[in-house]
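[1] build me a model:
(chains A and B)
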Amino acid sequence: MKIAHHTLSRWVDVPEDPRALRSLLDDVGIEVKRAEPHPTLGTAFTLELLANRGDHHGIHGVAREIGGRTGGEVRVPPVAALPSAPCPVAAFVDDPRCFAYSLVLLEGPAGAVLPSDVVAPIEVAGQKSVGAVVDATNLASLELGQPTHAFDADKVTGCVRVRASVEGERAWLLFTPEPVVLPAGTLVICDDVSVLAVAGVIGCEPSKTTASTTRVLLESATFEPVTVRKTARALGVHTDAAARFERGADPSAMITGAGRVVALLDRVGFVARGASVTSGPEPLPEPAPIDLSIQGVQRALACPDLSATEIEQRLTRYGYRCTSSGHGRLSVVVPPHRRWDVAFVDDLYEDLARSIGYNELPTSIPRVPHGVSPSLAERRKSRVDAVLVAAGFYEVITDGFYGRATRERLGVTEGHPLWAHVETTNALDRGYSLLKNQALAQAVDAVAVNQRMRTEVVRAFEWTRTFHPDPSAPNGVCTERPLLWVIASGAEVDWAHASREPDAWLMAGLVREISAALGLRLELRPVVDGEPLASLLHPGRSASVVRDGARVGVLGEVHPVVVRSAKIKRARPVYLELDASVLDLPGAPVVFVEPDTYQPAERSLAFTLPIRVTAAEVGATLAASGPSWVRSVTPVDVFHHEEAGAPVRTVTYRIVMNQEDPPRTAESMNAACDAMVRAVASAHGPRGVAQRA
Amino acid sequence: MASAGTETVRALAEEALVPATPEELLVGFRADLARATDPAALDEVRRAHTGKKSALKDALTRLRDVSSDERPAAARALNEVQRLMEAELDAARDLAERAALAAQLDAEWQDLTLPGLAARHGALHPVTLVHERCLDVLRRLGFTLEDGPEVETAHHNFDALNIPEHHPARDMQDTFWVSGGLLLRSHTTTVQARVLSERRPLPIKIASAGRVYRNEAVDATHLAMFHQLEGLWVEPGLAFSDLKGILAFVARELFGDHPIRFKPKYYPYTEPSVGVDVQCTHCHGAGCGACHGAGWVTILGSGMVHPKVFLQFGYDPSQVSGLAFGLGTTRMAAQAVGTDRLRMLYEQDLRVHRAAHRRDS
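    Sure thing, here's the model as predicted:
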């Protein structure tokens, strides 16, 4: 809503300084979104009104709010008394969604125009002046928040009836090219022939007033807010009238709204010939008074000196009627313009707080015995963050959804474990149609986006969650799986050495560091059966991350087909995914073991491993078969070559042995190595593993 | 050099008892020394003139045949020649090594104006950093972080929070509905609803942070997904003044010691509802483009928990009170970064993230 400074000042005393008025409006909860100069009416304020305050949708309501704060008197412009003669056009209300309905018949000259200073407020509000009749209804609505509507009485046939529309009934809405079929049950205003208006929302073309109109049938009514709201949404029509009615119009303003229009049209020669007021089948019940404890107010607002008298005075400014009910209590009757949003004592506390001013009320700090530390999971997440940030990764945040095109791009078809998604049913954007059930697509997108921006080196991670259809879930629809994903692509430049593209071993290294940070023993194993991402990763360069044999993640090079489909060139991104549940797994504390004071002894053992026999398997056998004084078994070199035409690797393990005093003999250490070699030959020889001399 | 021993050696040389005079030995040595320019050549000179097969060693050996009267002086003369040779060789070697080192160092020049090669740190997302900052403040007040699902029921998102169907407030939060009649939460207040539904022992002091969704047409400043952080404190006896005190504390800790103001707002789940503005840090209240001329910027929304919300979860609103507040952490993060293009924060363009954290991006 838009109101000019000078217009508002006619209703209630306000500061002359526009900045001071802006502050005052903000202070009473009528937020000023914009202030701009107007050539004749001072500053024009664009107001953002609160969703629960239908009474603010009029200058009267704004003035009353200011008066409630300042104590200033609100000056209401002239309102004519409605004629006592009955309206010649009979009105009937058949539907309980209309609480009351009034009609006034006016006669006057064709082509009348209101003075420019009178219509100026509606022009400030963004409406065009189109003649006295329409301008008067618009002005009354702007001033009092009561929508009224003018029919050309000569276009109304028979009586007027408020009823529900029937199946297939049509209405030709104002400013539209042709009639439309209304949803059955729409609350409409009709005559004996057709629909004159959709109740509380919009009038119709056939009955509209024009410059030649001389007989006006003025409607002013009270409709049920939700009905108006539903109708406006169903028709996709948003009018000022609907906005006012759906937030709850003042039922008492029905008569004053009509009277204000009559008074305005009186200035241009219109005369009211008759009026009628018809109640609906279920008139609006009177709200029950609220029992207000003075002590309760004092306690809630921390104002022990607030007296019953002051409370009564302040509430009266807003239109409440208070009577003492003894024992420090007031019985407060809610005014009609607040009946839609005031029901509890807390609502009265709010009005009293507004009246005093939020900034004027006392401030206190409740007692806080002690603070708290981050939870264990929060601390463990911070440790993982530290690992990734130190390794050069940036945290990013992706959407919780994507479009069907993303699923297609991954090559996921029906029957694939990632086919089923939780779907949005009303997304405005097709890109939001599926809740993501995997994070790899968006991780790969991160690489593609950066490549397009000429950023070749991508190191990114995200804590996110995926959504998985699951009828057995507590909500009957899906489960959510929090996870961490990490992606790397592109080699850092290196002036001194050959640049190294990130590869799956980088991700394996991150798993090692995360394991250390969390005190977990996360291991890499061949991809487990049923891994949903298996088809999206390079089959020969991927592994499951397991703990105690259970899958907690997966890593690997992104499958070349997925990379190509994302239009990524010159890069082979590598991906890691870990269930966020690893944060909840109990970690083993670091136990300090003092390093041996003697210089350790060292041996090297090399084995030829066929494809698919892992270095970890052989290493584990070595470690398990050595004596207790073998401190570590670590692969230190891998040599790729062929044997008998087949690709193999020779993996060299460094065996570090703790020494003692007197030193171990070379014979004992060699014997230990021999035993380890025999163990490997026994365990892995049948698979083609052999010691390499 | 003209010592008695020298004369003796000269005499011996004339008699061919030694191969050369001291002067001749030195002349030959110095000629070779002058030609030697690197340590290897100098080693060769050392070997040729002072080694076992050198003329000098030969002369010393032949002194056996000299009379015992003349031998000591001759030996001293030849030893002096050797000392001179060694000294000159050492000096020359030192020079050669210095030259070689200089040449090596010269050859090893590196252009250190090229970017350094230590692993660069990455960074957490600006929204995460804002969350951490907020949580640091809230932990000091005893708030613990709670999590909740993003796929929610209408009950937790709306109805339990005093937003019945067809209430205008539902327009404020255009909703993504998902299959099965559920929705994507439009605010993190759902976590408050879930905690209240558990009827935990009082006091309840929880914070919730995370993604929320609005079914909006996306542009630079409107997002279908963004972040919020909220706090809820439920305890008998909390008053409006406590709400103001907590909000003032949080605002000061997060935004610095700038003037703040409280203003009436409307949130369905609080009554009274309060907005908190901080004086615009760009114009200090004078009004500028950043604050749309208001001189103030709204930083959080809050209020006393609405009695209907308490009733919904079985609490007696006359016996218990609560305060709640929420921060739009996406907007805070954008302000911290220095952009009003919120969407930028959710695009995976690492240039944005580097620029937000590093001068050398």
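[2] pLDDT (mean, whole number) over stretch B:218-235?
    Here stretch B:218-235 scores 89 as its mean pLDDT.
[3] chain center to that stretch, what's the gap?
    Using Cα atoms, centre = their mean, to the nearest Å, the mean C-alpha position of stretch B:218-235 is found 28 Å from that of the whole chain.
[4] so is it next to chain A?
    Yes: counting by Cβ under 8 Å from any Cβ of the partner chain, contacts between stretch B:218-235 and chain A involve B:218, B:224-225, B:227, B:233, B:235. Using the backbone N, CA and C atoms, a C-beta is placed for each residue, glycine as well.
[5] quick one: buried residues of the lengthiest helix in chain A?
    Identified as the longest helix of chain A according to DSSP state H is helix A:666-684. By neighbour count on 16 or more other Cβ atoms under 10 Å in any protein chain shown, the buried set for helix A:666-684 is A:669, A:672-673, A:676-677, A:679-680, A:683-684.
[6] kindly report the same for stretch A:370-389.
    By neighbour count with 16+ other Cβ under 10 Å, stretch A:370-389 contains the buried residues A:374, A:380-381, A:383-385, A:387-389.
[7] between the buried residues of helix A:666-684, which is nearest residue A:616?
    Closest approach between the buried residues of helix A:666-684 and residue A:616, by Cβ to Cβ: residue A:684, at 11.7 Å.
[8] check chain B for the residue nearest chain A and tell me.
    Residue nearest to chain A within chain B (Cβ to the nearest Cβ): residue B:264, separated by 2.9 Å.
[9] quote the end-to-end distance of stretch A:70-84.
    By Cα to Cα, to the nearest Å, the extent of stretch A:70-84 from end to end equals 38 Å.
[10] before we move on, the earlier item: so which of the buried residues of stretch A:370-389 belong to strands?
    Of the buried residues of stretch A:370-389, none are assigned to strands by DSSP state E.
[11] contacting residues around residue A:376?
    The neighbourhood of residue A:376, defined by Cβ atoms under 8 Å, 6 or more residues apart in numbering or on different chains, contains no residues.
[12] just for chain B, where's the confidence low?
    Scanning chain B for pLDDT under 70 picks out B:1-2, B:168-169, B:171-173, B:220-221, B:359-361.
[13] what segments of the stretch 101-250 of chain B are strands?
    Counting by DSSP state E, counting those that start in this stretch, one finds strands in the stretch 101-250 of chain B at the ranges B:144-146, B:151-152, B:177-178, B:182-184, B:204-213, B:225-235.
[14] quick check: angle from the fifth one to strand B:225-235?
    The directions of strand B:204-213 and strand B:225-235 differ by 160 degrees, with axes from the mean of the first three to the mean of the last three Cα atoms, to 10 degrees as the criterion.
[15] check which helices and strands strand B:204-213 sits against.
    Judged by 3 or more Cβ pairs under 8 Å, 6 or more residues apart in numbering or on different chains; DSSP states H and E, strand B:204-213 is in contact with helix B:126-140, strand B:144-146, helix B:189-197, strand B:225-235.
[16] that strand pairs with which strands, and in what direction?
    Sheet pairing of strand B:204-213 (DSSP bridges) gives strand B:144-146 (parallel), strand B:225-235 (antiparallel).
[17] now do the last one and helix B:126-140, the angle between them.
    Between the axis of strand B:225-235 and that of helix B:126-140 there is an angle of 0 degrees, by the same axes, to 10 degrees.
[18] re earlier: distance to residue A:447 and mean neighbour count added to the strands paired with strand B:204-213, as a markdown table?
    Output for those, formatted as a markdown table (distance: least, Cβ to Cβ, whole Å; neighbours: other Cβ atoms under 10 Å in any protein chain shown):
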| stretch | distance to residue A:447 | mean neighbour count |
| --- | --- | --- |
| strand B:144-146 | 32 | 18 |
| strand B:225-235 | 21 | 24 |
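[19] from chain B, how far out is residue A:311?
    15 Å (Cβ to the nearest Cβ, to the nearest Å).
[20] swap in residue A:396?
    Distance of residue A:396 to chain B, computed by Cβ to the nearest Cβ: 5 Å.
[21] didn't that residue look like it was pressed against residue B:351?
    No: Residue A:396 sits out of contact with residue B:351 when judged by Cβ atoms under 8 Å, with a separation of 12.0 Å.
[22] where along the stretch 251-400 of chain A do the helices fall?
    A:253-266, A:294-300, A:308-317, A:345-356, A:376-390 (DSSP state H, counting those that start in this stretch).
[23] hey, which of the ones you listed is tucked in deepest?
    With neighbours taken as mean count of other Cβ atoms under 10 Å in any protein chain shown, these reach their highest mean count in helix A:253-266, at a mean of 25.
[24] list the buried residues of stretch A:78-85.
    Neighbour-count burial for stretch A:78-85 [16+ other Cβ under 10 Å]: A:79-80, A:82-83.
[25] again with stretch A:227-238
    Buried, per 16+ other Cβ under 10 Å, within stretch A:227-238: A:227-232, A:235, A:237.
[26] picking that back up, which residues touch the residue of chain B closest to chain A?
    Neighbour list for residue B:264: A:28-29, A:50, A:350, A:353-354, A:358, B:272-275 [criterion: Cβ under 8 Å, 6+ apart].
[27] look up phi and psi at the residue of chain A found nearest chain B.
    Nearest residue of chain A to chain B: residue A:29, at 2.9 Å (Cβ to the nearest Cβ). When read as degrees, to the nearest 10, the backbone of residue A:29 gives phi 90, psi 20.
[28] thought it was touching residue B:267?
    No: applying Cβ under 8 Å, one finds residue A:29 not in contact with residue B:267, separated by 11.8 Å.
[29] with neighbour numbers in mind, choose between those two.
    residue B:267 (27 against 24; other Cβ atoms under 10 Å in any protein chain shown).
[30] what residues are up against the more buried one?
    Residues counted as contacts of residue B:267 (Cβ under 8 Å, 6+ apart) are B:273, B:301, B:303.
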